[in-house]
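coords please:
(chains A, B and C)
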Amino acid sequence: MADILKGLNEQQRAAVTAGDGPVLVLAGPGSGKTRVLTHRIAYLAQERNVRAWHIMAVTFTNKAAREMENRVLGMLGESGKLDGLSIGTFHAICARILRVEADYTTFTRDYAIFDTEDQLAVMSHVVGDLNLDPKTNTPRSLLSKVSAAKNELIAAREYQPSEYRDEKIRRAYQRYDELLRENNARDFDDLLMHTVQLFQQNADVLERYQRRYQYVLVDEFQDTNIAQYTLVRLLAGERRCLFAVGDPDQSIYAFRGADYRNVKRFAEDHPDAQVIMLEENYRSHQAILNAAMGVIDQNTDRTKKNLFSQRKKGPLATIYEAYSEDDEAHYVVETITDLVSKGEYKPGDFAIMYRTNAQSRALEDGFRRANMPYRLVGATSFYSRKEIKDVMAYLRLTHNPSDNVSFERIVNVPTRGIGQKTIETMITWARDQGMSPPQALFMLLDDKIDSPLSSRARAALVGFAKMLQEWRRVRDDLMPAELISKVLKDTGYISYLDDGTEQGQSRIENVLELRGYAERYNGLPLVTFLEEISLVSDVDTPEDDLNRPSLMTLHSAKGLEFPVVFITGVEENILPHSRSIAPERRPGITEDERQEGIRAVEEERRLMYVGITRAEQRLYLLYATMRSLYGDSRSNLPSRFLYDIPDAARNGSDLPRRGVTEGERRSYQAMTTWAAPASYLTRSEETPKSSAKTRFRGGDVVFHAKYGEGVVISAKVAGGLEQVDVMFPGIGGQKTIIADFLKKVES
DNA sequence: CTGACTAAGTTTTTT
DNA sequence: ACTTAGTCAG
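Just a heads-up that it's a prediction; the model follows:
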């Protein structure tokens, strides 16, 4: 007991030792959330004699799951009480349940799991099948609607269209699900929704799992969606032994269905829940926390938290105004060099965070120029590389011949004379025969079968079919790695990649790395390998402990901490991202759209908050006055979030003034030449152009994304566009701006 | 059927 | 700027 509770504060202990009822741990950043959950598992196993078999712990990523498992093992490993403990992501746990309970579902045990790319391929077929206009109904947009519905547990036949556009979505959803079924495949959202359906439709199955999982613990609860929350409630059942840990202020995945209101729902659904708040921060010193609170306090619809730290005082947040992204990179590299040479920090103590992956480029250049090694976190994941996906498609098709997406992916890779036309003929023919294309492919092996294919095309397809048949024959006798070797050899895939370029070489290395990785599955069935690869985003990076500065997006910084943190590109249009502030710039939007815009900016604010709170000792916030984006050079204003940081918590560059003072407004107003309303004009003056009403008039205070606040001098409509002359004190000059780019500021 | 050209569209990311 | 999807001549 002493061991497990050692080093925990009173609230943390209360959480770890809480009784069997529902428990909600609401905790700030750096308060030891995950630690509490880890200790809770060890406590249950050791002190309460709960068999590990009865415990299910859900984490946000696979990596977090592995780390948690290791830590629990470290705490009570020798007692060997962890048999059967389930730690993993929702998706991994659901995938396994669906496989084990396949008899209760309409999919076979061998079902494939489709990732985003596969999903897009399926949805493209849907657009074709339904003759939808791909301009207005892109596969991507349809998919996001379907995914949102699934996340809310709305099945295709329950989807209620409320307007005409939704009717198309409903049909697309239906067709999409049909195609998945034909492929014997589920997408990520299905894993969750189908598991919920399995439990809802089979009381006996649910009861079995409720008996098994008597303790359900969920980490990062603010990032769960409705499906996940429903699942957790079903499992907890009458016992309601739910233990959820989260921080609504760190919810940054709403864009993919996470709903931080689950936290509120949990409290409402469990009125007797024990709610434990952890506010003490063990990570950062107070100045950093004050900066973080200044930013997050601007969000509405939240419970205010008072973050405090007993750490000794540390430096204030430094704001640096760079000229450009190159200067930004330069400043980062210089600062690191300086702090390292003083012996205060080692290279691995630094992290550089940014909103978008595209921003890493200039930083990488900077590091390379200075000959400083760095670590790039995330970016293109190993498993989303083309060459890896190709090889995986071969294995998946071998395992599940109904997988049309994999079939279409590699039927002509490397090129073997099977072109678009042949594939089309083949698919049409297969459909006419009531078979899947891969099934039809095997039919071609029989000479007597008639088909509309040319003899050349048929010969090419037969060659491919023979290979596939051979792989299917040996798949149970070979280890996964051996099967990969055979596929590579039979298809000549390696020489296909070897195009003499460096890129080709690195692709070959990647494929060989995949084969090396598959060695770990020696003795395990192919399906285990396939399933785990589908549910994992990236390979273990053994260089994780490399002593280098890390570059990452703010999203991938979640859960991490570093002594020194730089956040770059803290600018309007980047953080908050232009897409999230688009609604507030657009005039004449509906109330719903406006609310949507506010929600989007609040999520950006939480992202900024997550970034700031990663810092233990030093925090640098950078913005550039000039930055190249999509080719041309643009300038952004410093992010609104910077202005929310209290003066007492920051030093460095002074932020440019954003507003218009009363004195400036009056003096600029004196310059105004009113655009006279139409009623003031005589008939002769009333030309079609000038009679149009302007939205702005002299004296209005307006906001422009680039120049900040200004005062309208005059406005006129010409060529169908409202042109507004505005005086901007921020730049000390006058500009003519199209009205659409201006927003009225309430004064 | 393949390689070369052109147009379009650019968040965040884990599963 | 840069990738990538789609079109077209060889």
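
only C-alpha atoms from now on, for both contacts and neighbour counts.
Will do.

okay, A:Y104: pLDDT?
pLDDT for A:Y104: 94.

quick one: contacts for it?
Residues counted as contacts of A:Y104 (C-alpha atoms under 8 Å, 6 or more residues apart in numbering) are A:198, A:202.

report the separation between it and A:T195.
10 Å (C-alpha to C-alpha, to the nearest Å).

please state the backbone phi and psi of the residue positioned nearest the centre of chain A?
Residue closest to the average C-alpha location in chain A (C-alpha atoms, centre = their mean): A:Y253, at 6.0 Å. Backbone torsions for A:Y253, taken as degrees, to the nearest 10, come to phi -120, psi 30.

now do the same contact list for it.
So A:Y253 contacts A:D223 (C-alpha under 8 Å, 6+ apart).

just A:N202 next, same as before
A:Y104.

for the one 3 residues further on, same thing?
Applying C-alpha under 8 Å, 6+ apart, one finds that A:V205 lies in contact with A:198-199.

what about 10 Å?
Residues near A:V205 by C-alpha atoms under 10 Å, 6 or more residues apart in numbering: A:101, A:104, A:198-199, A:211.

from A:Y104, how far off is it?
Noted for A:V205: a distance of 9 Å to A:Y104, by C-alpha to C-alpha.

before we move on, back to that, identify the contacts common to A:Y104 and A:T195.
Listed as contacting both A:Y104 and A:T195 by C-alpha under 10 Å, 6+ apart are A:98, A:201.

and the closest residue to DNA strand B within the stretch 101-250 of chain A, what's its pLDDT?
Nearest to DNA strand B, among the residues of the stretch 101-250 of chain A, is A:F188, at 4.6 Å (C-alpha to the nearest atom of the strand). At A:F188, the pLDDT value in this model is 91.

for it, which residues are in contact?
With C-alpha under 10 Å, 6+ apart, A:F188 has these contacts: A:91-92, A:94-95, A:113-116, A:119, A:147, A:150-151, A:534-535.

among those residues, which are in helices?
A:91-92, A:94-95, A:116, A:119, A:147, A:150-151, A:534 (DSSP state H).

between those residues, which is nearest A:A358?
A:T116 (20.4 Å; C-alpha to C-alpha).

quick one: residues contacting the closest one.
A:122, A:140, A:143, A:187-188, A:384.

at 8 Å instead, please
Here A:T116 is in contact with no residue (C-alpha under 8 Å, 6+ apart).

could you report the pLDDT at it?
pLDDT, read off for A:T116, is 83.

near DNA strand B, which residues of the stretch 151-300 of chain A show up?
Within reach of DNA strand B by C-alpha under 7 Å from any atom of the strand, the stretch 151-300 of chain A has these residues: A:188-189, A:255-256.

in helices, which of these appear?
A:188-189.

most neighbours among the residues of the stretch 151-300 of chain A next to DNA strand B, which one is it?
Within these, neighbour counts (other C-alpha atoms under 10 Å) peak at A:F188, which reaches 22 neighbours.

near DNA strand B, which residues of the stretch 501-650 of chain A?
Residues of the stretch 501-650 of chain A lying near DNA strand B (C-alpha under 7 Å from any atom of the strand): A:534-538, A:552-556, A:577, A:579-580, A:630.

by mean pLDDT, which helix or strand of chain A comes out lowest?
Least confident helix or strand, chain A: helix A:688-691 with a mean of 36, by mean pLDDT, DSSP states H and E.

what helices and strands are in contact with the strand or helix carrying A:A460?
A:A460 belongs to helix A:455-474 when assigned by DSSP states H and E. With contacts defined as 3 or more C-alpha pairs under 8 Å, 6 or more residues apart in numbering; DSSP states H and E, helix A:455-474 has these neighbours: helix A:386-399, helix A:437-443, helix A:480-491.

would you convert those helices into JSON lines that also reports mean neighbour count, mean pLDDT and distance to A:I423?
Below are these laid out as JSON lines (neighbours: other C-alpha atoms under 10 Å; pLDDT from 0 to 100; distance: least, C-alpha to C-alpha, whole Å):
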{"stretch": "helix A:386-399", "mean neighbour count": "21", "mean pLDDT": "88", "distance to A:I423": "16"}
{"stretch": "helix A:437-443", "mean neighbour count": "20", "mean pLDDT": "83", "distance to A:I423": "9"}
{"stretch": "helix A:480-491", "mean neighbour count": "18", "mean pLDDT": "91", "distance to A:I423": "18"}
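
how about those helices, which one is nearest A:M75?
helix A:480-491 (34.5 Å).

the next helix or strand after that closest one and DNA strand B in contact?
Using DSSP H and E, the next helix or strand after helix A:480-491 towards the C-terminus is helix A:493-497. No. Using C-alpha under 7 Å from any atom of the strand, helix A:493-497 stays clear of DNA strand B, with a minimum separation of 10.1 Å.

run through who's touching helix A:493-497.
A:414, A:487-488, A:504-505, A:507-508.
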